[in-house]
Structures are given as C-alpha cells and as structure tokens.
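*Asks:* got a sequence here, can you model it:
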Amino acid sequence: MPRRSHGVVILVALMGLTALAMLLPAAVGFTLREHQLARAFLYSALLLGAVTLFVHLANRSGSVEKMTSAHPFFYLSFAYVFLPVLMAVPLTEAVPGIRFVDAWFEMLSAFTTTGASILEGEVTRSLHLWRATVAWGGGLFLMSIAVALLAPLNLGGFELFRNQSGVVGASLGRGEMHQSIRIDESYDDKVLSRLADQLRVIAPVYVGVTLFLWVALSIAGNPPLVALMLAMSTLSTSGIAPEGAINGLASEMLIACFLIFALSRRLWPGAQSMQQMQGPRLHDPELRLAAVILAVILVALILRASFMSSPSGLGAQLATIWGHVFTSLSFLTTTGFISEVGGGVSGIFVGAAGIVVLGLAMLGGGVATTAGGLKLMRIFALTWQARREVSKLVYPDSVGGDGERLRSLRRDGAFSAWLFLMIFIFTLTALTALLTFTGLRLEDATIFAVAALTTTGPLVHIAGPEVLHWAELGDAAKVILALGMLLGRLELLLLLSIFWRR
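*Replies:* Coordinates of the predicted model:
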C-alpha cells in the first residue's frame, strides 16, 4: 500500500518540538533583560516553526509514493546530524564571534547528552538553559526510540533480554535467535504507533520526575533557574550546568538519588521485555552490579583514608569520601558531575587516579536509559559467563544451572556482549588514531575519544593529569569526535546490523 516516509514524519515532529523549545530560553532571556539573546531565540523559533509548518503541509498534501523499508540507523543518524544544525542557528546569533561549526558541535554534544562544551568565558544562564533543554529533549528522544525502534530488532541491549517475554526475541533456538532482526514492511508500518505509545508512557513520568527534582533542588538552596538546569541535566545524564552550580551536600544527595534512574530501565515505565523479568526491582542485575562497583570504590577509599594521615580531621575525610562516591556514581551513569563537597576538580581523583573515572564511564549505565558506555547488563553477562568458565576449570564435568534466564544470558547474551565489546574497542582505537593525526598526544586523544564514545563530555576535565578543554580542538578533531558521539549514542550493533543480518 502506498504510504509516506515515516522518517519525514518523525523529523517534522522533531523540528516542531525544537521550535517550541526555543521559546523557553527566549522567555528567560527577556526576563533577565538579555534582549539580544532573547530575540535570537524568538526569531529562530518563529522561522523554524514556519518552515516546519510548510514542510508538514507539503508532506501532507503532496503526492504519496511507496517507500521501501529503511534501516532505523539512517534516519536516526540524519536526525542526530540535522537537528543540531537547526538548534545552532540561534546560538550563532546569541554568541558573538562563534563559528557555525562550533555552534553545531555544541548542539550535537547536547542532543547526544554528551555535554561537551566549547563555550568559554562568561556564558549566560539562558545559554546554559538552552544546552540543558536540548540535552533533556535528547534524553527523552533516546529513551523512546530505544524501545520503539531498537527493541523489536533485538538491538540496543535488548538482545540480552531474549526469552523473557514474547515482546523481544520470542523465538529462541540457536538457529532462530536473530530472526527478529528484520527490516520489512511489517516493522516499518508500526514505527509511528510504537513511538507514539512509548511517548505516551514515558513522557509524563520523565516530565514529572524532572519537575519534582527541580522543586527539591530549589528547596535545597539552589536558584530556581540553576535548579532547573541541574534537574534536566541529571535526568538526561548530560552534566550540563554552570561551573560550581551544585550548592552543598543536600543538592548532591538529591542528584545522586535521581542518578539511579540511569542505572536500570526497569525503574521507568515501558520496555515490557525488561519489566517482565522475574524478581523485584531491587534484585535487578544492573542495580546490583552498580552497587558492587560503588561499594568496591567506597571500601578502597576508606582503606586509603585509614592508611594516610590527614591533619584536616574526620569531617574533611568524610567529605572527601562522599565526593569520590558521588563523582563515581555520576561518571558511572556518564553524567559527569564532579562533587564540590569533595573538593571539585582539584580534589577528586587527582593525577593518575583519573583512570578510575575513565573506566567507570566506559562501563556505563543501564540498557535503554540515557546513560552511555558499554552498559551494565553487558558487563553482567560477560561476568556471569566468566564465572561459569572458571567453574568449569575446577569442575570440568559440571552442568550449569542458574535457571533458563541466566543460561540464556550466559550463552546468547554473553556472545552479543562480547561482540559489542570488540566493536567498542575497535571504534575507540580508530577514533584515537584519527585524533592523533590531528596533532593530539596519544594520552589526550584517548581521553577525548572515550569521552565522545561514552557521551561523557566532562570526563576530559578530570581523567588526565592535566585539565583538557574541548575549545582547544581543531575543526578536524571536532568532526571526528562528533562522529564518535553519534556512534556512541546510536549503539554500535545497530550499525553492524546494516551489513550483517545475523
């Protein structure tokens, strides 16, 4: 049956939402008497709204042709590359002297929830709010497309949840395990309905949790506008906020509580293949693995404090320990907030200890959440398979039990997790090599590549012996890192499925 392109419909909707989002910094700019900035966003919103209306009318009333099924990687990549172009238009007018390629890079890093910024000097609160708003919308977009587009294909981490329900990967024989990875008309016909269903389920909760955290942070003593930025950046795991924005221990504890939402998709509605897993949410493998990782870091810090004499007293030591734990949780979820209570950049994981946050960012958060990295469920699958292999070394004739779910995770889940890990390492190596060709040192290139691929922009400020800055990069390096952000956000197995259906 003839039909319109679903990719065009999704893109038009995203353009309209982008135009509406521009009205928020425009209103704040007028309130703060930043009239030039406010006019830039207002005029851009009106222009983009008009263009969106014309495209919608043309797509609605024009000729309708039969469309061949398209792989979601193509129109998702187009959305992540094209939308930042539109988002960068008001930025070029609001920031004096900024080049368009820099504005595009800024918006791409925000939309992919990376939070890498090349803006230096005095950046107005309205601009920070625009970056946080773009990242917040990017987080909602990501959580929706993960279930609507990737789950039916057993991609994006959902390949680890086979055999859990009939929703994802229902057929499970060794020869059938990849039958659901099929881009055909039956898949394409349901794209819009699945996406709309996911938005109806997740958007009210996403907005409600953000508003709740905004109010809580305001009560904790943060200015309302800064509290809104922090709430948006926490839920989207972008780490976008003015320098020194987090006000005190109460604010950090609130943010830490809500960062837990990035550790498991089971804490959010939707994603039926995950929700139907057996056991309460507290027994979720991703949450348990995250707790173990943070507990190991906490014990190491306590032992370190006990062996090192500190004249600053018990209170300062507890503040330092809390700062390290909060920062560890933040980088595990690929957010990138650095605890001010623990001493900020100069007092958290200084020197060679920055390798810890580098590893935490690579581990990442939960599947189908706004976090990046390898994802905890993949690490759990590899760990569980390694545990079984070690057991077979001790008892070669033993029979693995653990139930049907964990046996499937050891077999098929560990294979897909290992495949993803190898592609991740290969991509990281390629990005690092390309960055060295632009003149960066190997160590700096590695840090920038990890930050881009794990979508953890603030990582460059703390992972190395010296503080690095995104603004110091050349245009070639920015394009390479933009590609890394895109690949890190769109799941590398999604790219592989274009060429290899199995």
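
*Asks:* just say helix, strand or coil for Ala79.
*Replies:* The three-state label given to Ala79 by DSSP: H, G, I helix; E, B strand; the rest coil is helix.

*Asks:* ok, which stretches of the stretch 251-400 of the chain are strands?
*Replies:* Read by DSSP state E, counting those that start in this stretch, the stretch 251-400 of the chain holds no strands at all.

*Asks:* where does it have low pLDDT?
*Replies:* For the stretch 251-400 of the chain, the stretches with pLDDT under 70 are 271-282, 305, 308-312, 346, 352, 397-400.

*Asks:* look at Arg131 and give its secondary structure.
*Replies:* Secondary structure state of Arg131, per three-state DSSP, is helix.

*Asks:* who's in contact with it?
*Replies:* 106-107, 110, 115, 117, 238, 240 (Cβ atoms under 8 Å, 6 or more residues apart in numbering). Quick note: C-beta positions are derived from backbone N, CA and C, even for glycine.

*Asks:* in what helix or strand does the nearest residue to Ile255 once chain neighbours are set aside lie?
*Replies:* Excluding its sequence neighbours, the residue lying closest to Ile255 (Cβ to Cβ, 6 or more residues apart in numbering) is Thr234, at 5.2 Å. Thr234 is part of helix 224-236 when elements are defined by DSSP states H and E.

*Asks:* the closest residue to Ile321 other than its chain neighbours: neighbour count?
*Replies:* Nearest residue to Ile321 in three dimensions, chain neighbours excluded: Leu301, at 5.0 Å (Cβ to Cβ, 6+ apart). When neighbours are defined as other Cβ atoms under 10 Å, Leu301 has 18 of them.

*Asks:* contacting residues around Leu301?
*Replies:* Here Leu301 is in contact with 320-321, 324-325 (Cβ under 8 Å, 6+ apart).

*Asks:* and Leu360, by the same measure?
*Replies:* By Cβ under 8 Å, 6+ apart, the neighbours of Leu360 are 293, 328, 331-332.

*Asks:* how about the one helix or strand Ile447 maps to, which residues are buried there?
*Replies:* Take DSSP H and E as the rule and Ile447 turns out to sit in helix 442-453. Across helix 442-453, burial judged by 16 or more other Cβ atoms under 10 Å covers 444-453.

*Asks:* between those, which sits nearest His128?
*Replies:* Using Cβ to Cβ, Ala451 is the member of these that lies nearest His128, at 19.5 Å.

*Asks:* the closest one and Ile293, how far apart?
*Replies:* Distance from Ala451 to Ile293, counting by Cβ to Cβ, to the nearest Å: 19 Å.

*Asks:* do the same with Phe424
*Replies:* Plainly put, Phe424 is 18 Å away from Ile293 if you go by Cβ to Cβ.

*Asks:* Ala353 now?
*Replies:* Ala353 is 16 Å from Ile293, by Cβ to Cβ.

*Asks:* out of these two, which sits in the more crowded spot?
*Replies:* Applying other Cβ under 10 Å to Ala353 and Ile293 shows that Ile293 carries more neighbours, namely 18 against 14.

*Asks:* list the contacts of the closest residue to that one other than its chain neighbours.
*Replies:* Leaving aside its chain neighbours, Ile293 sits nearest to Leu332 (6.6 Å; criterion: Cβ to Cβ, 6+ apart). By Cβ under 8 Å, 6+ apart, the contact list for Leu332 reads 263, 290, 293-294, 360-361, 363-365.
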